[in-house]
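one predicted model, sequence on top.
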Amino acid sequence: MNTRSSGGPGGRAVVVGASMAGLCAARVLSEHFGSVTVIDRDQLTTDAGRRPHVPQGRQPHLLLHAGTRLLEGWFPGVIEELYAGGATPFDICRDFYWHQGGGPLIRPATHMVGPVMSRPFLETTVRRRVANLPGVTLRGGAPAEGVLTGDHGTRITGVRLSDGSALDCELLVDATGRQARSLGWLKELGYGEPPTSVVTVDTHYVSRIYRRGRRPARDWKAAAVIGAPGTRRLAMALPWEGDRWIVALVGVNGELPPMDEAGRLAFARSLDSPVIADVMAASEPLGTAVGHRFVANQRRHVEHMRRHPTGWVLIGDAVCSLDPVHGQGMSTAALQAEALGQALQQSRSVDRTFARRYFRAAAGSVAVAWSVTVGSDFAYPGTRGKKPPGTDLINRYMNRVTLAAQHDEAVCVRFSEIAGMVRRPEWLLTPPCVLRVLRLSRRGPARVPA
Ligand SMILES: Cc1cc2nc3c(=O)[nH]c(=O)nc-3n(C[C@H](O)[C@H](O)[C@H](O)COP(=O)(O)OP(=O)(O)OC[C@H]3O[C@@H](n4cnc5c(N)ncnc54)[C@H](O)[C@@H]3O)c2cc1C
């Protein structure tokens, strides 16, 4: 379908939710609709301030390479723009001190270079680009409250806003995040909910910002220390624009990192490597610590929904909300938007065939992200839910991979390509790779450089 290029009257699409999923969706919709309106209940200011309904924006967000690549394709020059605004150019191997399995991963230079920055800075930069697209309108302070329907409730024809006004549309994209607000509105029309998978991990973040100076001396730009699963502890330090660090201490399976600085430092010191504690000890704290709890991975299998109206789709966390420690949320949203664009390209109208095509294609990348995240979460003994078959075996193999990646550049790059979502997990399962992993992992953890 291409109402824009057909020169016809052009339909209107409405995206509810102007966070990362909604912005990516608006970009692909702008190629197919004469008018795209993106609404959000938050005011959408031009500064990078935090948003009340995106509380996770105060926590570290790593944009994986899959997401970086798509954003640059949709908004040429956006990566340079982020660097110009203070984002740190970052090679996920070369510049990342990643300590897991008792030692640091080796750090070869790779093709996976992208910006690291605060989530609000990324979002406002992308939002500005979206606002400049022809035919796209952004409206903040506009909570959606329901839908308008036609054809006896079988077709969505618009969105009702809280001020009593309405927006007509041919296609409604629900990008309202984990709560997926439109499912409640569809329920009122008699539609059922999609089958949903839930895996409870109970992850707690406690993050604080610090001024980033020269100390501690380092040859890396970001660090993560992943404790053995029994410790249920990990931590990361990512550079933010404005010469800042954000340091997150993370507890899994209900482990609660302390909020006070002395307790936080002790938590960081309890980890396998002192790098995060050293960053905290050497840097001036700015502001207070902020917590965030993530209870469960949640995947709505929209591709298996028996009935839903035409002119309606879901995207982003509304489809799949993943344990954030794996950093896949924004990239998964971008991959879903890519699938949405492809489905629009292949469809004549926004009918059921279009929706099925989109849901099926998006389910492909969602399934990979789900298996990686949930599989890794099951390494922690308190994780609850349906364990994908073979998870324990894969996790034992992944322990060997993290050991081999401490010695071997090729294994480390493969591991990072999967972590960066540019390759599927099978990439680590080719026979030559398995043999290499089994051989090299026998060396045990790498010695930490003095
Ligand atoms: C602690 C934490 C850390 C994370 N770290 C990473 C990371 O390192 N890397 C990564 O890629 N991802 C990370 N994520 C995930 C990432 O934040 C999300 O996947 C990403 O924001 C995409 O979400 P979304 O756009 O679907 O929904 P959200 O970001 O939740 O946005 C939903 C939007 O919908 C709006 N909305 C809701 N209801 C209405 C309504 N009725 N009317 C109008 N607007 C409405 C809200 O105001 C909001 O703007 C992390 C998440 C958490 C919780």
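Received, thanks. Numbering: from 1, shown residues only.

where do the helices of the stretch 101-250 of the chain begin and end?
Under the criterion DSSP state H, counting those that start in this stretch, helices of the stretch 101-250 of the chain are mapped to 119-131, 181-188.

does the last one reach the ligand?
It refers to helix 181-188. Yes: interface with the ligand: helix 181-188 contributes R181 (C-beta under 6 Å from any ligand atom). Yep, even glycine has a C-beta here, placed from its N, CA and C like the rest.

tell me the mean pLDDT for that helix?
For helix 181-188, mean pLDDT is 97.

now find how far off-centre it is within its chain.
On the basis of C-alpha atoms, centre = their mean, to the nearest Å, helix 181-188 sits 24 Å off its chain's mean C-alpha point.

which strands or helices does that helix pack on?
Helix 181-188 makes packing contacts with strand 144-150, strand 171-174, strand 312-314 when contacts are defined by 3 or more C-beta pairs under 8 Å, 6 or more residues apart in numbering; DSSP states H and E.

give me that answer again for 10 Å
strand 144-150, strand 155-161, strand 171-174, strand 312-314 (3 or more C-beta pairs under 10 Å, 6 or more residues apart in numbering; DSSP states H and E).

could you dump those strands to JSON lines with distance to A334, mean neighbour count and mean pLDDT?
Listed next are those as JSON lines, based on distance: least, C-beta to C-beta, whole Å; neighbours: other C-beta atoms under 10 Å; pLDDT from 0 to 100:
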{"stretch": "strand 144-150", "distance to A334": "23", "mean neighbour count": "18", "mean pLDDT": "97"}
{"stretch": "strand 155-161", "distance to A334": "23", "mean neighbour count": "20", "mean pLDDT": "97"}
{"stretch": "strand 171-174", "distance to A334": "14", "mean neighbour count": "28", "mean pLDDT": "98"}
{"stretch": "strand 312-314", "distance to A334": "15", "mean neighbour count": "25", "mean pLDDT": "97"}
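
so which of the helices of the stretch 101-250 of the chain is the most surrounded?
Across those, averaging neighbours per residue (mean count of other C-beta atoms under 10 Å) puts helix 119-131 on top, at a mean of 21.

any chance you could map the strands in the stretch 1-150 of the chain?
Assignment of strands within the stretch 1-150 of the chain using DSSP state E, counting those that start in this stretch yields the ranges 12-16, 35-39, 88-91, 96-100, 103-104, 113-116, 136-139, 144-150.

which of those strands sits most buried?
Across the strands of the stretch 1-150 of the chain, averaging neighbours per residue (mean count of other C-beta under 10 Å) puts strand 12-16 on top, at a mean of 27.

what about it, average pLDDT?
Per-residue scores along strand 12-16 average to 97.

buried residues in the helix or strand where S371 lies, which are they?
Assigned by DSSP states H and E, S371 belongs to helix 352-377. Using 16 or more other C-beta atoms under 10 Å as the test for burial, helix 352-377 gives 354-359, 361-363, 365-366, 368-377.

and the next helix or strand after it, average pLDDT?
Per DSSP H and E, the first helix or strand lying C-terminal to helix 352-377 is strand 384-385. Strand 384-385 comes out with an average pLDDT of 98.

run the chain-centre distance for strand 384-385.
Using C-alpha atoms, centre = their mean, the mean C-alpha position of strand 384-385 is found 21 Å from that of the whole chain.

I'd like the next helix or strand past it.
Later in the chain than strand 384-385, the nearest helix or strand by DSSP H and E is helix 391-404.

stretch 361-372 vs the ligand: in contact?
No: Stretch 361-372 lies out of reach of the ligand by C-beta under 6 Å from any ligand atom, never closer than 9.9 Å.

now do that stretch, average pLDDT.
Average pLDDT, stretch 361-372: 96.
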